[in-house]
Each structure stands twice: as C-alpha cells, then as structure tokens.
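>>> just to be clear, the model below is a prediction. Sequence and coordinates:
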Amino acid sequence: MKDLDRVIHEPARLQVVAVLSAVKEADFLYLARATGFTKGNLSSHLAKLEEAQYVAIEKTFRGKIPLTVIRLTDSGRGAFQDYRKKLDELLRAPAQAKGKRLRQATQEG
Amino acid sequence: MQTGYVDEVYPRRAIDEWSQRPARQILLDGRPELYFGLVMLISSTTSASLYVRPGLSPPGWTWVLPWLGMLGYVAFIVMTRWFNEQVMVPRVGYVAFQDQPSRHSIIVGIMVGAALAFLGLVAVMGGKLHELGWMGWGSGILFTVSFVGMGIYHRLPHWVCIGVLAGALTWLYRTEPGFRNWQLASVWTGSAMVLSGAWRLWRFLRANPIPGDAA
C-alpha cells in the first residue's frame, strides 16, 4: 500500500483525476457536476492536485464570462496510469497467493 | 460524501465507472437522439424519391426538396451550435474530449460490422441482390446493429429499442422498391428519435438548471 501515490489515492481526488483522464479539458462547473462535489470541496482537492503538478488550471474568459479550465498534465496522466497499475498488482497479489497455497495443499494432499 | 470508492473488493470498478462517465453523460441528455433523428428526418423527407410511386412520374414540386434539405442542414448546424453554447454549457459546463483510441475502435467496429452484414447479404441473396434494394437493407442493418450495439455497450435500453424499431420498420417496408424501404423506415424512426430525444432533453434541462437560477 505504501507504493500507492497518496495524492491520487484519496477517494475524492481519485474521482477528479479519473474524470479528467477521460477528457482533454473541462471547466470547473463540468467537474463539479460530474463528481457531485461542492465548489469548496472541489477547489481544495484541485489545489492539492495542482500543487503536485498533476493538473493545470487556467483562468480565462468565454466572452465576458470567467472560465476556469482544468486539464490533467502529462505527469498527472502518468501518475494516474501508474496508480491503476499498482492498484491492479495489489489486488491481484492476494488472489495469486491464495492460488499458490491451494496448489501447494493439493500437491501435499 | 458517498464517492462509490468504498467498493473494497474491487475499487477498480469504481475508477472505470468514473473514467467512462464523461463519455456516457453526453449520451444521456437526449441530444444524440434528437440531433440524429433530425438529420434522418431532413435527409429522408427532402429526398424526391420518397414521393415517387412506381410507375408514376415525380410530382412537379419535388425540385424544391433538395433546396429545402440544404436549408434544413444549414439551420440544423446553426441551431445545434447555438443550443450547445447558450443552453447546455451554462448548465453542464464546458468539456473538450480528446480523440481516444476507444472511439476509433467503435468506428472500426461499425465499419467491419457493416462490411460483414453486406457480405452476409451477398452470400444469402446471391444474384438476387439487385432486386432486394441492398442500399435500403444495408442502411437498415447498419443502423440497427450500431444502435443495438451502442445501447448494450453504454447500457442505454432506449437506444436498443430505437435500433430494433429501425430494423423492424425496414423489414415492414421490404416490398418497397430501391431505397424507399429505408427512407420510409427512417421517417418513422427519425420521428421517434426526435420525440424521445426532446422528452429526455426536457427532463435533463429541468433537472439541471443554470447555477444561480436554481435558488
């Protein structure tokens, strides 16, 4: 478990990163809708992800309306893929160990 | 807050669901059916061959149909763009999708499916294919396979129903010559899609007011 990226491992941030991994970029409203988080909650998680340089946040305008566009950086995308890989390995490990024990028991018995 | 991550047995399932959510969300608000249904209605109702009965010459006013069709497409493009920017983005936010390999695989899947369906038709019908009106049948089969397949893949039962309806209507109009069986089928299927899409969109807009308007 200690190998898992703690920034991404937090459930709310994991959800934000998972949604962002499927798009090129999205604005704050879209992310809030897709995740169901409140503005404050989403802001704090995005700040942590930005601090880790996993997301890039760009404040821009669409006409006269301010728009906050968020995208996953290359390192964020890489970290997410790495996280998924490690999680898979972690989940597979107990099943493999159980299979090994069963095989040994069958051979001994 | 319930995040769905509490699936201790297989948290990967929740991660997959979150990753697929943006692609699935664009299929849920009714716009795909509404837009696709409108295109089907414009293309089928503005085709002169729809109004030509076998053995009769086309009515004199059919020259206006291609122009109406062109006008319809231009209006459609302008309206969908306006609608997406003015109505949808303020409600659901802005999102840009990247060209994902999964989209390529869906397109390749549809093309391979269409080619296989056509080859199957050739194998079954042999030399009688020209009598069958293969373009109409091909369109009907392609539409049915695509909508049923996408409906099953994205868990959208109403898409499966639309696919089955299109297939059934193409079969129902099987005696119509040439492309007419598909044209007639697409008038009804397009109408059903427009109605279904408009209803789903209306529900979606009611459930997702512009932030600030909700209070």
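Nice, thanks for sending it over.
>>> roughly how far apart are residue B:184 and chain A?
39 Å (CB to the nearest CB, to the nearest Å). All C-beta spots, glycine's among them, are computed from the backbone N, C-alpha and C.
>>> which residues does the helix or strand encompassing residue A:56 contact?
Taking DSSP states H and E as the criterion, residue A:56 maps to strand A:55-62. Applying CB atoms under 8 Å, 6 or more residues apart in numbering or on different chains, the contact partners of strand A:55-62 are A:16-17, A:20, A:46, A:49-50, A:66-73, A:76, B:89, B:94.
>>> ok, and for that strand, which residues are buried?
In terms of neighbour count (16 or more other CB atoms under 10 Å in any protein chain shown), strand A:55-62 has its buried residues at residue A:55.
>>> check the offset of it from the chain's centre.
Distance of strand A:55-62 from its chain centroid, counting by CA atoms, centre = their mean, to the nearest Å, is 20 Å.
>>> out of the contacts of strand A:55-62, which sit inside helices?
Counting by DSSP state H, the part of the contacts of strand A:55-62 found in helices is A:16-17, A:20, A:46, A:49-50, A:76, B:89.
>>> give me the below-cutoff pLDDT ranges for the chain.
Answering for chain A, as no chain was given. Chain A contains residues with pLDDT under 70 at A:1-2, A:94-96, A:98, A:109.
>>> chain B is the one I meant
Residues of chain B meeting the criterion pLDDT under 70: B:1-11, B:54-58, B:99-105, B:115-134, B:213-215.
>>> chain neighbours aside, what residue packs nearest to the residue minimising distance to the centre of it?
By CA atoms, centre = their mean, chain B has its centre lying nearest to residue B:36, at 4.4 Å. Ranked by CB to CB, 6 or more residues apart in numbering or on different chains and with sequence neighbours excluded, the top spatial neighbour of residue B:36 is residue B:193, at 6.0 Å.
>>> circling back: next helix or strand past the helix or strand that contains the residue nearest to the centre of chain B?
Applying DSSP H and E as the criterion places residue B:36 in helix B:31-45. Downstream of helix B:31-45, the first helix or strand assigned by DSSP H and E is helix B:64-83.
>>> show me what the helix holding residue B:36 is packed up against.
Counting contacts by 3 or more CB pairs under 8 Å, 6 or more residues apart in numbering or on different chains; DSSP states H and E, helix B:31-45 packs against helix B:64-83, helix B:157-172, helix B:180-207.
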